[in-house]
Structure formats: C-alpha cells, structure tokens
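> For reference, the sequence and a predicted model appear below.
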Amino acid sequence: MPLPLFWFFAVLMLAGGLAVVILRNPVAAALAMVTSFVGLAGLFIGLNAYLVGIIQILVYAGAIMVLFIFIIMLLDLETEERRAPKAVPIVGGLGIVLAFTIQLIGVLGNTPSSEPPPLDLEAGAAHYAEISPGISKKLEAAHEAGEERIPDVNLVGQLMFTQYNLPLQIIGVLLLVATVGVVVLSKRQPT
Amino acid sequence: MELLIDLAIILAKVIGLTFMVVLPLVPLSVYFERRFSAIIQDRVGPNRVGIPLTLFGAKKDFHLFGLVQPMADGLKLFLKEDFTPNYVRKSFYWLAPALTVIPALVTVCVVPFGSPITVNGEEIKLVIADLDVGPLFVFAVSSLTVYGITLAGWASNSKYPFIGGVRSTAQMISYEIALGLSIIPLLLYYGELNLSKIVQFQADHGWLLLPLWGHAEGPPLAEKLLFLVPALIAFVIFTTSIFAETNRMPFDLPECETELVGGYHTEYSSMKFAMFFMGEYAAMVIGSALVVTLFLGGWSLGFGLDDSISALPFGGLIHMGVFMAKLIAFILFFILVRWTVPRFRYDQLMRLGWVIFFEAALINVFLAAFVIAAPDLGWISTIVGLVLLGIVTGGLIWVLKTSEPESSPNSGLLGQS
C-alpha cells in the first residue's frame, strides 16, 4: 500500500473516531463512526485483506450503523447537553491513552523499519504445507495461475468449511436462537 | 516512469469509464424513460429539442428525435432557484444528495466493460479495479446509498420526507438480504467472485441463462441446462431486489407521491434535487450492469465467437459495444416495468421481501447445491436429498399459509362501516 494512502485512511479513521466522542449530535456521531469504519476498511484493503475490508463496510457501515441511525432518528434524540467536565474520568482516559502510546512507542522502537517483503505465494505454500494442506494447495494453484494477490476469499472459505466447520455451525445455531428469541420477545401478545 | 504510466492508465480508465461511459448513460436513460413511457401510453413524448437552426436563419429546425432534451432538462435544473428552507438541518441537508450519487458511481469500478485490449504490447483490462470480491464490493458500497436517502428525510425536518427516509431504510435493508442470498447459487456455479473471471467463464461456457454454446471442457450440457432452474429463480429474485434497492417503481414507496408528496426529496430543489435524480438513475444503470454481468454474459457476444473477437487487436472495444447494447436493453426493461406494473402497498412490499424472497432464495441455494453436486453424490443420495428439500419447502409454505392472520377484504376504513 502506498504510504500516502495509508496516511489518508489512518487519519480518516482517527478523525472519525475522535468525532464520535466529540460531536454532540447523535446522528452526526453515528455518521462519524461510519467514516471511521470506511477508513478502517481502506486500511484492511491496503493490507491485501480484501474480504475483511469489504465485510467491514458491508456489515458494519452498511447494515449495523444504518440500524443505529434508524433508531436514533425514530427516537428523535436531541443534541446532548454539554456537561461540566469531571476531573477523574478525564485523568483516567488520558492515562489510558498515555499508557497505550508509550507501549506503542516501545513496540515500534524494537521493530526494525524495513520495506515489506514482496508477496511470495510459493514460499507461502511451502510454509503452510504441514500446517494446513488445503491452504497450501490454494496458494500453489494461485502461484501457478500467475496471480499477484492472495486468494483471500478462497482461503477463508476453505478454512471455515473444512477445519472450522463445527464451530461455524455452532455459531449459526447460536445466531438462529438469538433471532428466534428476538421474534418471540417483540411479538409477545398483550394478555 | 513506470509508476507514472500506471497512474495515467488508471486515471484514463476512471475518467473514461465512469465519466464518459456511465455518467452520460444517466441523461440518456432519462431520455429513454420519457420517450419509452410515451410510446407505452400512446403519446409522442419529447421529440422537439434539437439544434435550433431557425435561430440562424434556416428554414427548419434539426430536431434529432429530441435527443438534446436531457441537456435542456439539466440546464433547467441548473437555472432553477436553489432554495434551502430555513428549518432544515443544514449540514446534513447538503451532504445527503452527494451521499446518494457517490456510492452509485464508485461501484462502477468493478464492472468489466469488455475483454482486455492490447495497447503497445501491454494488456489493459477494461475494468477500473479488478477485485477478487466483485459482487461483494458492489453490495457493500451500494449499501451506503441508504445513508443519503435516510439523511435527506431526516435533515428535511418535515414529516413526509421523514416517513420517506424511514421507509427507504427499512426497504433497502430488507431487500439487501434477498439480494445477497440470491447470488449464492451463481457463486457456487462459477466458483469465483471476480466479475472479470465470471464473464470470461460465461464467454467460454455459455451465458448463465443461455448455456447453449461453449468449449467441450467445463460442465456438461445436461448440468448447464439443469442449472437453469436455480439460475432462473435467482434471476427473478435478484432483478426484483435490484428494483427495490434502486427505489424504482413498483417499489418506489420512499417517494410515493400519492402518499408522501415527494417523499425524501420533497424539500429539495434545483441541482440538489437533480442529484437525487441522478443517483437513482446511476443506481439503475449499475444494477442493470450487474444483472447483465452475472446472468446475461456481460460483454460476451455468444455463439462461440468470443475467442476470435478477443484475438482481434481492438476486440475489447467490440465487446464493450456488446456490453453497452445489453446494458441499454436492460435499462429499457427497467423502464418498461416502471410504466406497466402498479405500485406495491408497503405491507405487501415487506411481505414479498421477508416472507417470499428470503425463503425462496434460501431454498434455491440448496437446490443449486444439489444440481452441482448431483454427479458426485450418486442417484440415491440426490433423490433422497431432493425429497427432503421438497418436504422442507412444502412445510415452509404450509407454515406461512397457516400463520397468516385472517383478514377481511375490506380492512381499515372500509371495514368499519
């Protein structure tokens, strides 16, 4: 990913995140959150994770935040009153931010700054040959087809439906139960 | 230098394909809409606006079948007073029109317009971004369109636009589900999410809805013909959901003028209104492009001619012409539906989306999986599976029939007397 694009999306994301906290209008805050999600998706795509980036927009920005805004609009929430800042939460928040910043600097200080190595599908296939033969096969096929990208959709599907099939189905049942629960709760007849 | 050439190619593609191919289609489809609706209703339609030669002393105007009409419409909208009511929420009111147009135009970047052309010994793909997640990208970005309409309704700070915005949100979220589920059979069949490769597959093995030609290798003809059943179901669900997603008739309840004045754009005027208009038509163009790409072979001409066309030096441009012809034909179909099918009622719309399309798409996924897996499963398992699927489908239909509340034909005000 070119560096200017990284900075663009990173600043977009951080600005969106800050705006969520600072803006007083609930709808504006929700929209700022959408902006933040779009920036995050841009970063994911820059890291070659196309599927994750797209799902980020499709699920969070396109569905969940739409419902948020829907509810905010329906409840017609007014702009938040400006409250007098209290010392303890501010000090606590700044402390956490400071701690994370110091940690980040520590980690980055120990990492040698180097250009990311070029994508080598063959080496990847060799690396995964023992860990997961399915992934290895996909990478090799991509290498033979002369692809210059990781076939990420293929890999995620392969992994989810072979190695993690049972957890996937359990999550499916869990979501089904939640859906049925919502229908039962919202359709409860007055007695 | 290399980087500069790459950048120039990308810029040329963005400007060429988005601003010189898709954007002009918007006024063109407005013209088609007006002329075609006139034909349907046995009127003449706008056929006068042309080159006003009489202004320069000629005897007759050159009317060009009214093809200049969209320019006159655009000029009219530019020159209208841009009125902002003083009770609106200003910043959102200004943001909303842009939010409806931009996502629609961004989705252009994954649509393959033609087969690759070779310039200076370098292969150039006629698609702006050849992503491996094509259809998902289109769904993701076009799901952002809903913000524009919702915000327009809310920012107008007035009752009817607000109802329009809320309707639109509910409608688009509901139909996104059917939209996403309906293409799963296709993805199973193609084994690919890259739209360029999907079209290439159709060029090699026959279009999805017309699999009559193709190379010997690839799926056998019997399987392709059998797959027509799930493909047709998917086509109906997908196309109808696209109608709902683009807020077109018969699903244009967010701007239903008999109930909501003008819906979400009641308070908008001049170019801001025109941008909603453009957004709707751009969404229609992209929706048609997606249907053509996924179901009708994209840029493929068919009849087994595609390989020889691709081999020509500028064969990609011929393919692009084929794609545009199919695209315009499908836009005309959109218009035909708008002027022949009456508007749905809101509860009918929700029922169709949640009760009929959602279940049908879900069952269709299993049906398609059976058709694809049948050669590997053997006869017995296939028949047992199909019988099970039939039982589940029958049970579902029975549950839907019985759980439906009894309603008298005259409910509401008519039923009270």
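Done, it's in.

> What helices and strands are in contact with the longest helix that chain A contains?
When every helix of chain A is counted residue by residue (DSSP state H), the longest turns out to be helix A:87-110. In terms of contact count using 3 or more CB pairs under 8 Å, 6 or more residues apart in numbering or on different chains; DSSP states H and E, helix A:87-110 is assigned no packing partners among helices or strands. From N, CA and C alone the C-beta is placed, and that goes for glycine too.

> secondary structure class for residue B:268?
Put simply, residue B:268 is coil when judged by DSSP: H, G, I helix; E, B strand; the rest coil.

> actually residue B:28, sorry about that
Following three-state DSSP, the label given to residue B:28 is helix.

> now the residue of chain B found nearest chain A: how far from residue A:13?
Distances between chain B and chain A by CB to the nearest CB are smallest at residue B:143, namely 3.0 Å. To residue A:13, residue B:143 is 19 Å away according to CB to CB, to the nearest Å.

> Give me the below-cutoff pLDDT ranges for the chain.
In the absence of a named chain, this looks at chain A. Within chain A, the set of residues satisfying pLDDT under 70 comprises A:1, A:80, A:113-116, A:189-191.

> try again with chain B
Low-confidence segments of chain B, defined by pLDDT under 70, are located at B:121, B:214-218, B:405-417.

> In this structure residue A:34 contacts residue A:62, no?
No: under the criterion of CB atoms under 8 Å, residue A:34 lies out of contact with residue A:62, with a separation of 9.1 Å.

> Now do the shared contacts for these two.
Counting by CB atoms under 8 Å, 6 or more residues apart in numbering or on different chains, the contacts common to residue A:34 and residue A:62 are residue B:144.

> Report the buried residues of stretch B:331-338.
Of the residues in stretch B:331-338, those buried by neighbour count under the rule 16 or more other CB atoms under 10 Å in any protein chain shown are B:331, B:334-335, B:338.

> Residue 178: which element?
I went with chain A, as the question did not name one. Assigned by DSSP states H and E, residue A:178 belongs to helix A:165-186.

> oops, I was thinking of chain B
Counting by DSSP H and E, the element that carries residue B:178 is helix B:159-182.

> which secondary structure elements does that helix contact?
Checked by 3+ CB pairs under 8 Å, 6+ apart, helix B:159-182 has helix A:65-75, helix B:134-142, helix B:145-155, helix B:228-245, helix B:257-260, helix B:346-351, helix B:358-377 packed alongside it.

> what packs against the fifth one?
If contacts are counted by 3+ CB pairs under 8 Å, 6+ apart, helix B:257-260 sits against helix B:159-182.

> What is the subsequent helix or strand relative to the helix it packs on?
helix B:184-190.

> can I get the CA coordinates of that following helix in CSV?
Only the C-alpha atoms of helix B:184-190 are listed here, as CSV (Å, rounded to 0.1, in the frame of the first residue of the first chain):
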residue,chain,number,x,y,z
ILE,B,184,-25.0,-17.6,-3.8
PRO,B,185,-26.1,-20.3,-6.3
LEU,B,186,-24.3,-18.3,-9.0
LEU,B,187,-21.1,-18.1,-6.9
LEU,B,188,-21.4,-21.9,-6.3
TYR,B,189,-21.6,-22.4,-10.1
TYR,B,190,-18.8,-20.0,-11.1
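
> Show residues contacting that helix.
Residues lying outside helix B:184-190 but in contact with it, judged by CB under 8 Å, 6+ apart, are B:135, B:193, B:197-198, B:201, B:208, B:227, B:230-231, B:233-234, B:294-295, B:361, B:364-365, B:367-369, B:372.

> And for the helix or strand following it, what's in contact with it?
Under the assignment DSSP H and E, the closest C-terminal helix or strand after helix B:184-190 is helix B:195-205. Here helix B:195-205 makes contact (CB under 8 Å, 6+ apart) with B:110-112, B:115, B:125, B:127, B:130-131, B:134-135, B:186, B:190, B:192, B:208, B:211, B:214-215, B:218-219, B:224, B:293-294, B:297-300, B:306-307, B:310.
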